[in-house]
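Enquirer: dropping a prediction and its sequence here:
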Amino acid sequence: MMGVALPSFEVPVVKGTSGVLALMHDKATELPEQACIRCGHCLEACPVRLMPCDMAWLARHDQFDALQNHDLFDCIECGSCSYVCPSHIPLVQYFRYGKLSIQAQGRERRKAELAKVRTQAREDRLAREKAERERKKLEMKAKASSLAAARATAAAADKPTPAPELQSSVPVTAALDPLEDVVVEPGTDKASRAAAARARMARAKGVAARAVAERQAANQQPDQPSETTL
Ligand code: SF4
Ligand code: SF4
C-alpha cells in the first residue's frame with residue numbers, strides 16, 4: 001500500500017528501494033474519486049490515530065496551518081486509509097501534497113528572512129563606510145589647515161627684516177666716513193649686503209670729492225714771491 005506509481009520501467013533500484021510491486025491491470029486501475037461519506041473507515045485503519053478524512057479536506061483547500069495542527073507530519077504515509085476508503089479518495093496523495101507545500105512555504109520564508117538579514121547587513125555596511133569616509137574627510141581637512149598654518153608661519157619667519165641703517169633718517173653718505181672701509185660680515189642677509197654696497201659707493205664718491213676739493217685749493221694758493229735783485 002505504500003510507495004508511488006512508476007511511469008515506466010526505466011527506474012533504477014536504489015538503496016531506499018524496499019520492493020517492487022507489479023499489479024495486474026484491473027488492480028492498478030485508478031478509480032474516480034468520490035465525495036467523502038464520513039464512514040470512518042480511514043480513522044479505524046490509521047495506525048497513528050490521525051483523522052485522514054479531515055486532513056484530506058484541509059489539504060484540498062490549502063489550509064496548511066490547520067493541516068499542521070492536525071499532526072500532518074506524524075503521518076507515515078502507510079496508505080492504509082487510502083486502501084480502505086470506499087470513495088477512492090487519494091488520501092496519501094493529499095497528505096504528500098500538503099507536506100511538500102508546507103516545506104516549500106518554509107523554504108520561501110527562510111529565504112525571505114535571509115534576504116532581509118542580508119539587506120540589513122548591507123545597509124549597515126554602507127552606513128559604516130559612509131561614516132568612515134566622512135571621518136577621513138574631516139581628518140584630511142584638519143591636516144590641510146594645520147599644514148597651511150605651518151607654511152604661513154614659516155613664510156613669515158623667512159621674510160627679511162629691513163636693515164637698521166635703512167630705518168635711520170640720517171643719509172648713508174653722511175653717516176659714513178669716506179676713509180673708513182665697509183666690512184661685510186659673512187652670513188649677512190641680502191638687504192645688509194645691498195646697504196654695504198651703497199656705503200662703498202658713497203665712500204668712493206666722498207674720496208673723489210675730497211680729492212677734487214684739495215686740487216682746487218692748491219690752485220687758488222698765491223704765487224711765491226720771486227727772488228729780489230739787489
Ligand atoms: S497514510 Fe497516514 S493518515 Fe493514512 S493511515 Fe497511514 S498514517 Fe494514517
Ligand atoms: S474512509 Fe473515505 S469516505 Fe470514509 S471517512 Fe475516510 S475519507 Fe471519508
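Expert: All right, it came through fine. Ligands and ions are numbered 1, 2, ... in the order given.
Enquirer: hmm, the host helix or strand of Arg110 touching ligand 1?
Expert: Using DSSP states H and E, the element containing Arg110 is helix 91-158. Yes - for helix 91-158, a contact with ligand 1 is found by CB under 6 Å from any ligand atom, at 91-92. C-betas here are computed from N, CA, C, even on glycine.
Enquirer: check which helices and strands that helix sits against.
Expert: Packing partners of helix 91-158 (3 or more CB pairs under 8 Å, 6 or more residues apart in numbering; DSSP states H and E): helix 52-60, helix 64-69, helix 80-84.
Enquirer: quick one: list the elements packing against the shortest one.
Expert: Which is helix 80-84. Using 3+ CB pairs under 8 Å, 6+ apart, helix 80-84 is in contact with helix 41-45, helix 91-158.
Enquirer: could I get those in JSON lines, plus columns for mean neighbour count, mean pLDDT and distance to ligand 2?
Expert: Below are the helices and strands packed on helix 80-84 laid out as JSON lines (neighbours: other CB atoms under 10 Å; pLDDT from 0 to 100; distance: least, CB to the nearest ligand atom, whole Å):
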{"stretch": "helix 41-45", "mean neighbour count": "17", "mean pLDDT": "96", "distance to ligand 2": "3"}
{"stretch": "helix 91-158", "mean neighbour count": "11", "mean pLDDT": "95", "distance to ligand 2": "6"}
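Enquirer: same list (these) but as JSON lines, adding distance to Ala22.
Expert: JSON lines is the format used below for the helices and strands packed on helix 80-84 (distance: least, CB to CB, whole Å):
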{"stretch": "helix 41-45", "distance to Ala22": "24"}
{"stretch": "helix 91-158", "distance to Ala22": "20"}
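Enquirer: what's the closest of those to His70?
Expert: Of all the helices and strands packed on helix 80-84, helix 91-158 sits nearest to His70, with 9.5 Å by CB to CB.
Enquirer: what's the angle from that closest one to helix 52-60?
Expert: Relative orientation of helix 91-158 versus helix 52-60 (axes from the mean of the first three to the mean of the last three CA atoms, to 10 degrees): 40 degrees.
Enquirer: and the gap between Tyr94 and Met2?
Expert: Tyr94 is 15 Å from Met2, where distance means CB to CB, to the nearest Å.
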